[in-house]
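>>> Sequence first, then the predicted structure, then my questions.
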2 protein chains.
Amino acid sequence: VAVYTEVSDEELSAFLAAYDLGQVLACKGIAEGVENSNYFLQTSAGSFILTLYEKRVREDDLPFFLALMDHLAARGLTCPQPVYNRSGNALGRLAGRPAVIVTFLTGVSVKRPTARHCQALGGALAHLHEAGRDFPMRRPNALSIESWPALFAAADGQADKVAPDLGDRIRRELAFLAAAWPAGLPTGVIHADLFTDNVFFMGDRVSGLIDFYFACTDALAYDLAVCLNAWCFEADGSFNHTKGQAMIAGYEKVRRLEADEVAALPTLCRGSALRFMLTRLVDWLNVPPGALVRPKDPIEYDRKLAFHRHVKSAAEYGLVR
Amino acid sequence: VAVYTEVSDEELSAFLAAYDLGQVLACKGIAEGVENSNYFLQTSAGSFILTLYEKRVREDDLPFFLALMDHLAARGLTCPQPVYNRSGNALGRLAGRPAVIVTFLTGVSVKRPTARHCQALGGALAHLHEAGRDFPMRRPNALSIESWPALFAAADGQADKVAPDLGDRIRRELAFLAAAWPAGLPTGVIHADLFTDNVFFMGDRVSGLIDFYFACTDALAYDLAVCLNAWCFEADGSFNHTKGQAMIAGYEKVRRLEADEVAALPTLCRGSALRFMLTRLVDWLNVPPGALVRPKDPIEYDRKLAFHRHVKSAAEYGLVR
């Protein structure tokens, strides 16, 4: 939770000179998003977020992300909208980084979502999938099953330092998923990282989705699996069936899951749990000296995986048929 | 530059229930202030800063700081104003910390102030001193000359690890200041930490002063010495006489320095440079593992001290008589 790149007032003025945003009233680094530097920017034209993309986001991918936010917003989804400068560009450079101004969204993220939040989130996720249907650009999921063996290799045999026998569990999981991973599911735009910090609420209503920098083209049901993992487990590690049921019901009110998606859901949940465990494991083992951000615990996802391994069908997540 | 204490949406709602601030529209941790956790808080009633006081601020001192901000704001100084809840309290508890909501100030801080900025800052500083004249509370300066030997002792003989012979230079400076420190100068409320991050500008005009958590009762001219140190040196370590002259002229337009203050200015500059060197030195030598904030370089102030040691009179800072 930190600002990586500092922007001086002079650099900011030079950058904003290309925009029709009036006078700067305030610009403050905010703790939002782990991958980029974000500033709350207030001008006489309104409130905005200024994002500087740090090295973890590939510059080549930015046109996809920006066009996607434009596309989704045009279809009524509340997400940040890129602001264009007078030359018609949304993407610029500031303090040596690619930089974009997007609209500011109101709402607050919830730390401990209730079943009502989960239901609303399910609906918002399905809306996102529907709104993305006719988005013409494609971006492969760089963190899908093909990438997992390499991520595990990057942990360099040190997994067992984090938890006993973790390395063996990961190996067995990789083998299982390589054999069981579903093909031919309905695909489209997925958010792929819809954790609670990326969803704003006003009361029980979703008021906005943010942080589309993992968005890609992949199985829609995989996105639901990510959300079941991120939203429906309690702090003690147990799966909350009521929340799962609410989320799936919220989703299906907008978009009904197909039979092959229902059948694949337990495998998708295992895969998505492994994906987050692996990236967290690599981060955990590679904290640079003087790091400004504490890495997230990979073991949380080891426990979630243990739950998913015993799930026989989507009914155990709360799907009602 | 970080948020230390995280506030959940539930804790925030419970805290705000005691205020008449309407509905929460946004609440984001911001990178402002090194000592406390600060949130940008937007509600249907307006924009605010929510501050959680971390352990470095003594809870007993908070009534002084809050009353001071009220007092100064009532006299037309643009500074954060504490917001009172329905019970008439400005100070509450949130996430286990003392917490206060203050008004949000517009403006941006400047990284490399120009002479015009320095002149405006000088004027704002003198306004602060004038506005504080009839403030009835007193708070001794906990980081004045009496505290410096103990700070040096806390560096525990390790100063020479930071720069060659630094320990000896500090010892000689302590001895000089103990003999030369002025007494009987005009005293009052001083900010005591008016670095560039604590001053907001709109163009060349000062739009607000923030972060009063070192404010205390001390020699007014010492505050000017802090600002000369913080604002009038260039990145290469040289003192910019034009900026010093502008700052002192800006100050004297509002409050003319008395003869004893003028005579004491070089000594006050040495003392204030030593004060910041010592606190930085202690922080530098005591970075906790996993620290979220990089300490500031004490050597910057070692170089400033070297300059001040050769100053014969306030004219060298730009004072015109």
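Cool, the structure landed. Worth saying up front: this structure is predicted, and the values here are computed from it rather than measured.

>>> Up against chain B, what does the stretch 1-150 of chain A have?
Residues of the stretch 1-150 of chain A lying near chain B by C-beta under 8 Å from any C-beta of the partner chain: A:1-3, A:6, A:8-10, A:12, A:23-32, A:40, A:42, A:47, A:104-112. The C-beta positions use only the backbone N, C-alpha and C, and glycine is treated the same way.

>>> please redo it, this time with the cut-off set to 7 Å
Proximity of the stretch 1-150 of chain A to chain B, by C-beta under 7 Å from any C-beta of the partner chain, involves residues A:1-3, A:8-10, A:24-32, A:40, A:42, A:106-112.

>>> Could you measure from the closest residue to A:Leu257 other than its chain neighbours over to A:Leu209?
Counting by C-beta to C-beta, 6 or more residues apart in numbering or on different chains, the nearest residue to A:Leu257 once its immediate chain neighbours are dropped is A:Ala221, at 6.4 Å. Going from A:Ala221 to A:Leu209 by C-beta to C-beta, to the nearest Å gives 18 Å.

>>> More neighbours: the two, which one.
For the pair A:Ala221 and A:Leu209, the greater number of neighbours falls to A:Ala221 (27 against 24), based on other C-beta atoms under 10 Å in any protein chain shown.

>>> Go ahead and name everything in contact with the helix or strand containing the more buried one.
According to DSSP states H and E, A:Ala221 maps onto helix A:220-231. The contact list for helix A:220-231, computed with C-beta atoms under 7 Å, 6 or more residues apart in numbering or on different chains, reads A:113, A:118, A:121, A:125, A:129, A:185-188, A:190-192, A:194-196, A:243-244, A:247, A:251, A:257, A:261, A:264-265, A:268-269, A:272-273, A:276, A:304, A:317.

>>> rewinding a little: can you say which of the residues of the stretch 1-150 of chain A next to chain B are buried?
A:1-3, A:9, A:24-32, A:40, A:42, A:106-110 (16 or more other C-beta atoms under 10 Å in any protein chain shown).

>>> Out of these, list just those in helices.
Members of these lying in helices (criterion: DSSP state H): A:Asp9.

>>> Which elements pack onto the top helix by length along chain A?
Longest among the helix segments of chain A by residue count, using DSSP H, is helix A:259-285. Identification of packing neighbours for helix A:259-285 by 3 or more C-beta pairs under 7 Å, 6 or more residues apart in numbering or on different chains; DSSP states H and E yields helix A:148-154, helix A:159-162, helix A:166-180, helix A:220-231, helix A:299-308.

>>> For those, could you give me TSV that also reports mean pLDDT?
What follows is the helices and strands packed on helix A:259-285, written out as TSV (pLDDT from 0 to 100):
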stretch	mean pLDDT
helix A:148-154	96
helix A:159-162	93
helix A:166-180	97
helix A:220-231	98
helix A:299-308	96
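
>>> Redo those as a markdown table? Include distance to B:Val83.
Shown next, in a markdown table, are the helices and strands packed on helix A:259-285 (distance: least, C-beta to C-beta, whole Å):
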| stretch | distance to B:Val83 |
| --- | --- |
| helix A:148-154 | 48 |
| helix A:159-162 | 45 |
| helix A:166-180 | 49 |
| helix A:220-231 | 34 |
| helix A:299-308 | 37 |
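
>>> deepest of the ones you listed, which one?
Mean neighbour count, computed with mean count of other C-beta atoms under 10 Å in any protein chain shown, is highest for helix A:220-231 among these, reaching a mean of 26.

>>> Output it as CSV, restricted to C-alpha atoms.
Taking Å, rounded to 0.1, in the frame of the first residue of the first chain, the C-alpha atoms of helix A:220-231 are listed here in CSV:
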residue,chain,number,x,y,z
LEU,A,220,-16.0,-16.5,-18.0
ALA,A,221,-16.6,-19.0,-15.2
TYR,A,222,-12.9,-18.7,-14.2
ASP,A,223,-13.7,-15.1,-13.1
LEU,A,224,-16.5,-16.5,-10.9
ALA,A,225,-14.0,-19.0,-9.4
VAL,A,226,-11.6,-16.1,-8.6
CYS,A,227,-14.5,-14.3,-6.8
LEU,A,228,-15.6,-17.4,-4.9
ASN,A,229,-12.1,-17.7,-3.6
ALA,A,230,-11.7,-14.0,-2.8
TRP,A,231,-15.1,-13.3,-1.3
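
>>> Give me the distance from it to the chain's centre.
In terms of C-alpha atoms, centre = their mean, to the nearest Å, the centre of helix A:220-231 is found 10 Å from the chain centre.
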